[in-house]
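# What shape does this take:
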Amino acid sequence: MENFIKTVAPNIWAYRTRFIQSLLDTWSLFLIPGIISFILGIFFGVVLTITKKGGIKQNTVIFRIIDTIINIFRAIPFVILLIFLIPFTRLIVGTAIGVRGAVIPLIFGTVPFFSRQVETALANVSPGKIEAARAMGSGIFGLIFRVYLHEAVPELARVTTITAISLVGLTTMAGAVGAGGIGSFAINYGQGQGHPDIVNVCVVVLLVAVCIIQAIGSFVAKKTTNRTFIHKIYKKDNI
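Purely as a prediction, here's the structure:
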């Protein structure tokens, strides 16, 4: 393997320590903002769904505030958002560069997008099922967890996959402006020093990462579409 790498990508081998570190940085840039964005995106998506006109907890004021904030941040290109959030990022984490400095902008760049995706997924839940659950006495939280989120699992798996792949692209873009990771490594050691093998390997790594994410997302969506997987989970919980 060592001889193969030296032959195919000699500069990757020469900078292997930095390459491995860039992989770890990219993983951190993906995992930390990804988990936080997933939680916040689900929350805001649900709030938008239940507070909209005709929602189960209609509240025009709350809906308009969240809707406007999401629209504003979605309209800002991510590179500009990175710069715009520098003072806020320094206030929160103490720095605006490196992995720590990129977490906050990545969250702000991902949450609005994912919130809209979640809102769309929940909008496809059958109104008849919602009304049936209400008729049987389900409260707000019952409707949210047992109807909206339960019925939208396959679609939520698909939109989560889309968002995760988008986040991979954002981490690379953040790396290009000093956040570290694959993007920074490809530009500084690949393009900057004229090593095309480094750029090629970075592209392959990102391609493999995206394919893995897509495969996992498609698998989960397929397994949950017929509801069998979900019913088994609920059966175990009841036991």
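# Remind me which helix or strand Ile107 belongs to.
helix 98-123 (DSSP states H and E).
# Report the mean confidence score over that helix.
For helix 98-123, the mean pLDDT works out to 93.
# Which other helices and strands does it contact?
Helices and strands touching helix 98-123, as assessed by 3 or more CB pairs under 8 Å, 6 or more residues apart in numbering; DSSP states H and E, comprise helix 16-51, helix 60-75, helix 78-84, helix 86-93, helix 153-174. The way it works is simple: take the backbone N, C-alpha and C, and place the C-beta from them, glycine included.
# so after it, what's the next helix or strand?
Per DSSP H and E, the first helix or strand lying C-terminal to helix 98-123 is helix 127-135.
# quick revisit: can you tell me which of the helices and strands packed on helix 98-123 comes nearest to Lys223?
Using CB to CB as the criterion, the shortest distance between Lys223 and the helices and strands packed on helix 98-123 is 8.6 Å, found for helix 153-174.
# Give me the helices and strands touching that closest one, please.
Contacting helix 153-174 under the criterion 3+ CB pairs under 8 Å, 6+ apart are the following elements: helix 16-51, helix 78-84, helix 98-123, helix 181-185, helix 196-225.
# cutoff 10 Å now
Helix 153-174 sits against helix 16-51, helix 78-84, helix 98-123, helix 181-185, helix 196-225, helix 228-238, with contacts defined as 3 or more CB pairs under 10 Å, 6 or more residues apart in numbering; DSSP states H and E.
# between the ones you listed, which one is nearest to Thr171?
helix 16-51 (4.1 Å).
# from the middle of its chain, how far away would that closest one be?
Between the mean C-alpha point of helix 16-51 and the mean C-alpha point of its chain there is a distance of 5 Å (CA atoms, centre = their mean, to the nearest Å).
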